[in-house]
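Trainee: What shape does this take:
(one chain, ligands or ions: 1)
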Amino acid sequence: MTHLDDRTMTSSGFYVSQEAPIHSDNPVPTPQAPAPDILRCAYMELVVTDLERSREFYVDVLGLTVTEEDDNAVYLRSLEEFIHHNLVLRKGPVAAVAAFSYRVRTPEDLDKAVAFYEELGCRVERRPEGFTKGIGDSVRVEDPLGFPYEFFHDVEHVERLAWRYDLYTPGSLVRLDHFNQVTPDVPRATKFMQDLGFRVTEDIQDDEGTVYAAWMRRKPTVHDTAMTGGDGPRMHHVAFATHEKHNILAICDKMGALRISDRIERGPGRHGVSNAFYLYILDPDGHRIEIYTQDYYTGDPDNPVVTWDVHDNQRRDWWGNPVVPSWYTEASLVLDLDGNPQEVVKRTDDSEMEVTIGADGFSYTRPGDDSGSYQGEAAKGFKLGHQL
Ligand SMILES: [Fe+2]
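Mentor: Residues are numbered from 1 along each chain as shown. Prediction:
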């Protein structure tokens, strides 16, 4: 484990280290069975309460491509995808997430997934015919953190539409980028995901070692999923990538023109964490979608781990814009394998929202700069103040 003292301060104002400086006092045991070789986050199954309204949002507003649909479900993909879908909208009574689904390298990795989770005493269900259309042999589990995870390898290939520029719109979504999960105990979740083969790329901490969030990857980007501290298990957001920043601005313009600007929750902006350009929007059920572009390559084994101070007001938005409270408090329920919502457990560690507002939450924008208009009283009326 890297100690906080082993970190190196960079000229950008965050720390780097070689290993995630996160330690759990309450770890999930490490299984003897090897973890499956996970390639990437592949799709999310979302339960929606009004399929027609949701289809309109994801197809007509966001421009996702319908691979297949029936009365109960719509299977959607992004323009550069060649597997059957990146998102399943399934009609159901309670808006929730039915599966965070990952593709594994080989069919044999499904045997590994079964052994890995069974050793942990988790509920595991394997269906050779798959749980959704377009996907074969699959394993679904209720993981030790309470999330419904799925693993599959066999999948129906469909046409990759990347060259079909006649289909592109100004805000086209080209890839599924990542998931984001809300969990009460971020160090415990991080240690478990490391056992599952994930590598931490960035995190947010304070001087006492409280961890507020951690980002982790299998594919060589900043993340396939992130663990955000809060009442959980819940789903914070699912993110789709665009090619460029202007595509995100086009989505904002379109949502304004359609008079659904109330569904723009946060952004557009530039993240500190991940360095990506971002936008958070809400679907008709309140499921949060991030539009994301231009993070960085992380594929080398010695990729430096970035640690942000929770009091650095540029960590969540590089321009120092405030985070709206709903972004911290609202998230989607997740389902167990019977389709019932998982019980939400309260976070007991400090809340990022609470430690970054109020008199103690005002943040430096330049380390060591104790005076002037960027700190103290003057800051209260400018960005860092009452809005968060
Ligand atoms: Fe994200």
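Trainee: how about the residues of this protein that lie near the ion?
Mentor: Contact residues of the chain with respect to the ion, defined by Cβ under 5 Å from the ion, are listed as 180, 239, 290. Placement of C-beta: from N, CA and C, glycine included.
Trainee: give me that answer again for 8 Å
Mentor: For the chain, the residues in contact with the ion under the definition Cβ under 8 Å from the ion are 177-178, 180, 223, 226, 236-237, 239, 271, 274, 276, 278, 290, 292.
Trainee: Please narrow the residues you listed to those residing in strands.
Mentor: Among the residues of the chain next to the ion, the members falling in strands are 177, 178, 180, 226, 236, 237, 239, 278, 290, 292 (criterion: DSSP state E).
Trainee: So what sits opposite the residue lying closest to the last one once chain neighbours are set aside in the bridge?
Mentor: If the residues on either side of it in the chain are set aside, residue 292 comes closest to residue 239, at 4.5 Å by Cβ to Cβ, 6 or more residues apart in numbering. Here residue 239 shows beta-bridge partners residue 178, residue 290, assigned using DSSP bridges.
Trainee: which residues touch residue 239?
Mentor: Taking Cβ atoms under 8 Å, 6 or more residues apart in numbering as the definition of contact, the neighbours of residue 239 are 176, 177, 178, 179, 180, 289, 290, 291, 292.
Trainee: rerun that using 7 Å as the cut-off
Mentor: Taking Cβ atoms under 7 Å, 6 or more residues apart in numbering as the definition of contact, the neighbours of residue 239 are 177, 178, 290, 292.
Trainee: ok, of these, which one's closest to the ion?
Mentor: residue 290 (4.4 Å; Cβ to the ion).
Trainee: Could you identify the most distant pair in the residues of the chain next to the ion?
Mentor: Across the residues of the chain next to the ion, the longest distance by Cβ to Cβ is 15.3 Å; it joins 236 and 276.
Trainee: Which stretches in the stretch 51-200 of the chain count as strands?
Mentor: Secondary structure of the stretch 51-200 of the chain (DSSP state E, counting those that start in this stretch): strands at 65-69, 73-77, 87-91, 96-104, 123-127, 138-142, 148-152, 175-183, 199-205.
Trainee: so how far is the last one from its chain's centroid?
Mentor: It stands for strand 199-205. Relative to its parent chain, strand 199-205 has a centroid offset of 13 Å by Cα atoms, centre = their mean, to the nearest Å.
Trainee: So which elements touch it?
Mentor: Where contact means 3 or more Cβ pairs under 7 Å, 6 or more residues apart in numbering; DSSP states H and E, strand 199-205 is packed against strand 211-217, strand 305-309.
Trainee: ok, longest strand in this protein?
Mentor: Using DSSP E, we find that the single longest strand of the chain is strand 38-48.
Trainee: Pairing partners for that one, with directions?
Mentor: The strands that strand 38-48 pairs with in its sheet are strand 87-91 (parallel), strand 96-104 (antiparallel) (by DSSP bridges).
Trainee: Specify the beta-bridge partners of residue 44.
Mentor: Residues in beta-bridge contact with residue 44 (DSSP bridges): residue 87, residue 100.
Trainee: My guess is it contacts residue 238. True?
Mentor: Yes: taking contact to mean Cβ atoms under 7 Å, the distance of 4.8 Å between residue 44 and residue 238 places them in contact.
Trainee: Give me the common contacts of these two.
Mentor: Taking Cβ under 7 Å, 6+ apart as the contact definition, residue 44 and residue 238 share the neighbouring residues residue 179.
Trainee: on that earlier part again, could the strands paired with strand 38-48 go into CSV alongside mean pLDDT and mean neighbour count?
Mentor: CSV is the format used below for those (pLDDT from 0 to 100; neighbours: other Cβ atoms under 10 Å):
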stretch, mean pLDDT, mean neighbour count
strand 87-91, 99, 22
strand 96-104, 99, 24
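Trainee: Adding distance to residue 301, write these out as TSV.
Mentor: Converted to TSV, those look like this (distance: least, Cβ to Cβ, whole Å):
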stretch	distance to residue 301
strand 87-91	31
strand 96-104	20
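Trainee: Residue 161 is nearest to which of those strands?
Mentor: Comparing the strands paired with strand 38-48 against residue 161 with Cβ to Cβ, the closest turns out to be strand 87-91 (15.2 Å).
Trainee: gap between the closest residue to residue 64 other than its chain neighbours and the ion?
Mentor: Nearest residue to residue 64 in three dimensions, chain neighbours excluded: residue 76, at 4.1 Å (Cβ to Cβ, 6+ apart). Remark: distance between residue 76 and the ion (Cβ to the ion, to the nearest Å) = 19 Å.
Trainee: who's residue 76 bridged to?
Mentor: Using DSSP bridges, the beta-bridge partners of residue 76 come out as residue 66, residue 87.
Trainee: give the contact list for it.
Mentor: Counted by Cβ under 7 Å, 6+ apart, residue 76 has contacts 58, 64, 65, 66, 67, 85, 86, 87.
Trainee: Settle this for me: residue 284 is touching residue 53, isn't it.
Mentor: Yes: applying Cβ under 7 Å, one finds residue 284 in contact with residue 53, separated by 4.5 Å.
Trainee: So between these two, which is more surrounded?
Mentor: residue 284 (18 against 13; other Cβ atoms under 10 Å).
Trainee: Name the SS class of that one, please.
Mentor: Each residue gets one of three states, and residue 284 gets coil by DSSP: H, G, I helix; E, B strand; the rest coil.
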